[in-house]
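Undergrad: need a structure here:
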Amino acid sequence: MRWALRNADSQHVQRLALEMGLPVSLARLLAARGMQNAQQANKFLNPSLGDLHSPYLMTGLRAAVERLRAAIERGETIFIYGDYDVDGTTAIVILKTALELCGGTVDYHVPHRIREGYGMKEEVIEEAADRGIRVIISVDTGIRAFAAAETAQRRGVDLIVTDHHLPHSEGVPKALAVVNPNQPGCQYPCKSLCGAGVAFKIAQALLEESGRQRLLPSFLKMVAIATIADAVPLAGENRVFARLGLDGLRKPVNAGLRALLANCDLDGSRPLSAGNIAFRVAPRLNAAGRMDVAERVIRLFTEKDAAKAAEMALELDQLNGDRQNAEQRIMDEINARMEASPELKDAHCLVLEGEGWHRGVVGICASRVVERWRRPTLVLSCEDGEAHGSGRSIAAFHLLQALESCPELFSRFGGHAHAVGCALLAERIPELRSRLDAYARQRLTPEDFVPVLEYDAEIGLEEITNDFWLALQKLEPFGATNPTPVFVVRNSKLVQPARTLKEKHIKLRVVPGENDDKRRFQRAREVLGWRMAERVVQDGLVAGDTLDLAFSLDYNSHPEFGGVQLNLLDYTRTVAASSAVATAAPSRL
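TA: Residues are numbered from 1 along each chain as shown. Got it, this is the predicted structure:
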């Protein structure tokens, strides 16, 4: 792993430090996140509802809202067509709630991941038209649904497409309105909204026009969950959604939200972090669409009975356990295949397929493969001659463009630069593997495969205080474009053998290297290395070694040994201990 100092203009660092009275290390964090002066920094640190843009800056939104208001006035049923992930299901809840508050009648459809797959289907449009539906609005889907749009037009259904995915190079579907900040010609300031974020802008316009804007903050909790779960950049409006929404999640009113957070052991006793949502809340919500039916999420968030909501949350937790088991089975097979194949290890782009792999978890598995093997990856599940899958990529490789280089191989595909979904005949997989690898070899260098750990500043162990930790919290929530701060301490000295925790974690006790033995021991800091025990044992770290440490900070709230905690991300041994000391081995707890 290569360490790289995160880019920050030194002039901006000094200006921020002076204007805001901050330590240089903290000013550097703000500068690295694009802050050039105190005004920008204060807006970043203190986001508010006033920072939201007018919804009508988004192309197509006015036409969409006018048609929805007309439907409400006429008593027409508004049909919402969603998606099965966290973003899609929460977008349905947001729009459904807003429309009903304004007096609308709403029906909705969430596709089944296995039976229907991603995207709007013509047969669903046909069935809705047969039932008398005259207006359909999509959320988090539809930007490439050309056939579905033609079907809607033929059946006399007004289609409104709201989405955030990248449109096709040929343009957008023919619909009454297309609302997508990424469509050609749209000048909306925040291009990185998730699907639920776009749905919120529709809701914002509806509520403001009907005099119900006071209700807007209550919607931010759901938007925050979707924004964080979809890993969009936490800047601009997304930062407003995430920060204010997380604040609101400390005191949720919705019975389903309360039950879900309780199931995640997030009782509101301390502020929620983006990590709490990404690693505890979102997986349970995603498990519904991956392992069963995503409609469970809508039912959870529209349930008013607390006891029933608790049962629903428990069912999602159980589905998440099923998801973890299915994921582990696939990953065991993939890792064994990778270890045994020099050809796969040499590939620049991986295409991995398996008969009967659970289609609901192949996207997660693709992410795991990228994390371990540092290659753009497609993971495909094959069944009855067809392959359905998901892909993830590394920073240097635009995966959607790679798929667009061979469109004739797919029955459908779409997505982003670093996340895609696709379907094709299984017999075409060998050609897909060959062509994607050739495409990647023309664009990637060996250096692109080396993981880079970007750090924000070099600091001394003595700087890591409770006040320093509290100052960092003002930068929350962390996520894309606002990553969790990473720090480097140089020349720390290991003062006792490393301790192994539960056979897989490690605890190091270190001091500043320049102190004498007595002072070193008095100022020792503990550093936790999660899942790093095997590496530390292999490296043979012993007391007396001098280490450079890269770490993030967390807070342990234990009443006896709590405090600011150093979470080890990587280390390098700069000086080995003397041979007399080096006989010590890691102890175990």
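Undergrad: spit out the contact partners of A480.
TA: Residues counted as contacts of A480 (C-beta atoms under 8 Å, 6 or more residues apart in numbering) are A231, V232, P233, L234. Yep, even glycine has a C-beta here, placed from its N, CA and C like the rest.
Undergrad: excluding chain neighbours, what is closest to P252?
TA: R258 (5.1 Å; C-beta to C-beta, 6 or more residues apart in numbering).
Undergrad: try C422
TA: Among residues not flanking C422 along the chain, F413 sits closest, at 3.8 Å (C-beta to C-beta, 6+ apart).
Undergrad: and whatever helix or strand the one you found lives in, which strands flank it?
TA: Using DSSP states H and E, the element containing F413 is strand 412-415. Strand 412-415 pairs in its sheet with strand 419-425 (antiparallel), by DSSP bridges.
Undergrad: which residues touch the partner strand?
TA: For strand 419-425, using C-beta under 8 Å, 6+ apart, the contacting residues are 117-118, 363, 378, 380, 385-393, 399-400, 403, 409-415, 432.
Undergrad: write down the beta-bridge partners of R509, one by one.
TA: Here R509, judged by DSSP bridges, has bridge partners E526.
Undergrad: count the residues that sit near it.
TA: 19 (other C-beta atoms under 10 Å).
Undergrad: from A402, how far off is the nearest residue to P407 once chain neighbours are set aside?
TA: Excluding the flanking residues, the one nearest P407 by C-beta to C-beta, 6+ apart is F413, at 7.4 Å. According to C-beta to C-beta, to the nearest Å, F413 stands 10 Å off from A402.
Undergrad: where in the stretch 451-589 of the chain is pLDDT low?
TA: Where the stretch 451-589 of the chain drops to pLDDT under 70, the residues are 514-522, 559, 578-589.
Undergrad: one more time with 50, if that's ok
TA: Across the stretch 451-589 of the chain, the ranges flagged by pLDDT under 50 are 516, 518, 520-521, 579-584, 587-589.
Undergrad: show me how far stretch 264-278 is from its chain's centre.
TA: Here stretch 264-278 is found 15 Å from its chain centre; the criterion is C-alpha atoms, centre = their mean, to the nearest Å.
Undergrad: and the contacts of that stretch?
TA: Against stretch 264-278 from outside (C-beta under 8 Å, 6+ apart): 224-225, 228-229, 231, 234, 242, 246-247, 249-251, 261, 280-281, 284, 473, 476-479, 484, 557.
Undergrad: tell me the secondary structure for A226?
TA: Assigned with DSSP: H, G, I helix; E, B strand; the rest coil, A226 falls in the helix class.
Undergrad: count of neighbours near it?
TA: By other C-beta under 10 Å, the residues close to A226 number 32.
Undergrad: tell me the contacts of it?
TA: Contact partners of A226, counting by C-beta under 8 Å, 6+ apart, are V86, D87, T90, A91, C194, G195, A196, G197.
Undergrad: ok, the first one to Y118 distance?
TA: In other words, V86. The value you get for V86 to Y118, if C-beta to C-beta is used, is 14 Å.
Undergrad: neighbour count winner among those two?
TA: V86 (30 against 23).
Undergrad: so the more buried one sits right up against A287, yeah?
TA: No: at 10.0 Å, V86 and A287 do not qualify as touching, with contact defined as C-beta atoms under 8 Å.
Undergrad: now do the contacts for the closest residue to N567 other than its chain neighbours.
TA: In space, N567 comes closest to S552 once its chain neighbours are excluded; the distance is 5.0 Å by C-beta to C-beta, 6+ apart. Shown in contact with S552 (C-beta under 8 Å, 6+ apart): T484, P485, V486, F487, L566, N567, L569.
Undergrad: what do you get if the cut-off is 6 Å, keeping everything else the same?
TA: T484, V486, N567 (C-beta atoms under 6 Å, 6 or more residues apart in numbering).
Undergrad: again with Y188
TA: Counting by C-beta under 6 Å, 6+ apart, Y188 touches L57, M58, P181.
Undergrad: which residues in the stretch 251-400 of the chain form helices?
TA: For the stretch 251-400 of the chain, the helices defined by DSSP state H, counting those that start in this stretch occupy 255-263, 274-276, 282-291, 295-302, 306-340, 342-346, 362-373, 399-404.
Undergrad: just want the angle from the third one to helix 255-263.
TA: What that stands for is helix 282-291. Orientation of helix 282-291 against helix 255-263 (axes from the mean of the first three to the mean of the last three C-alpha atoms, to 10 degrees) gives an angle of 110 degrees.
Undergrad: what about helix 282-291, distance to the chain center?
TA: Relative to the chain's own centre, helix 282-291 is displaced by 14 Å; criterion: C-alpha atoms, centre = their mean.
Undergrad: helices or strands up against it?
TA: On a contact count with 3 or more C-beta pairs under 6 Å, 6 or more residues apart in numbering; DSSP states H and E, helix 282-291 meets helix 86-101, helix 295-302, helix 306-340.
Undergrad: repeat that for the first one.
TA: Using 3+ C-beta pairs under 6 Å, 6+ apart as the contact definition, the elements that helix 255-263 packs against are helix 306-340.
Undergrad: and the helix it packs on, what's buried?
TA: Buried residues in helix 306-340, counted by 16 or more other C-beta atoms under 10 Å: 309-310, 312-313, 315-316, 319-320, 322-323, 326-327, 330-331, 334, 338.
Undergrad: if I pick the residue most central in space within the chain, what's in contact with it?
TA: Nearest to the geometric centre of the chain sits A231, at 2.7 Å (C-alpha atoms, centre = their mean). Neighbouring residues of A231 by C-beta under 6 Å, 6+ apart: A480.
Undergrad: how about a cut-off of 8 Å?
TA: If you count contacts by C-beta under 8 Å, 6+ apart, A231 has them with A278, G479, A480.
Undergrad: repeat for R375
TA: A347, H348, C349, L350, V369, I394, F449 are the contacts of R375 under C-beta under 8 Å, 6+ apart.
Undergrad: please apply the same query to L285.
TA: L285 touches V86, T89, T90, I225, A229, L260, V297, L316, counting by C-beta under 8 Å, 6+ apart.
Undergrad: Q187 - nearest residue in space that isn't next to it in sequence?
TA: L57 (6.9 Å).
Undergrad: ok, that neighbour - how many residues close by?
TA: Using other C-beta under 10 Å, L57 has 15 neighbouring residues.
Undergrad: could you check the pLDDT of it?
TA: pLDDT for L57: 98.
Undergrad: can I assume D322 is in contact with R284?
TA: No: the pair D322 and R284 does not pass the contact test of C-beta under 8 Å, sitting 11.5 Å apart.
Undergrad: what's the separation between F449 and R372?
TA: Distance of F449 to R372, computed by C-beta to C-beta: 12 Å.
Undergrad: for I133, same thing?
TA: 46 Å.
Undergrad: the helix or strand hosting K507: how far from the chain's middle?
TA: Assessed by DSSP H and E, K507 sits inside strand 505-512. Between the centre of strand 505-512 and the centre of its host chain there is 30 Å, according to C-alpha atoms, centre = their mean.
Undergrad: send the alpha carbons of that strand over as PDB?
TA: This file holds the C-alpha atoms of strand 505-512, laid out as PDB (Å, rounded to 0.1, in the frame of the first residue of the first chain):
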ATOM      1  CA  HIS A 505      -7.400  -8.200  16.100                       C
ATOM      2  CA  ILE A 506      -4.300  -6.600  17.500                       C
ATOM      3  CA  LYS A 507      -3.500  -4.000  20.100                       C
ATOM      4  CA  LEU A 508      -0.200  -2.100  20.000                       C
ATOM      5  CA  ARG A 509       1.100   0.200  22.800                       C
ATOM      6  CA  VAL A 510       3.300   3.000  21.400                       C
ATOM      7  CA  VAL A 511       5.100   6.100  22.500                       C
ATOM      8  CA  PRO A 512       6.800   9.000  20.800                       C
END
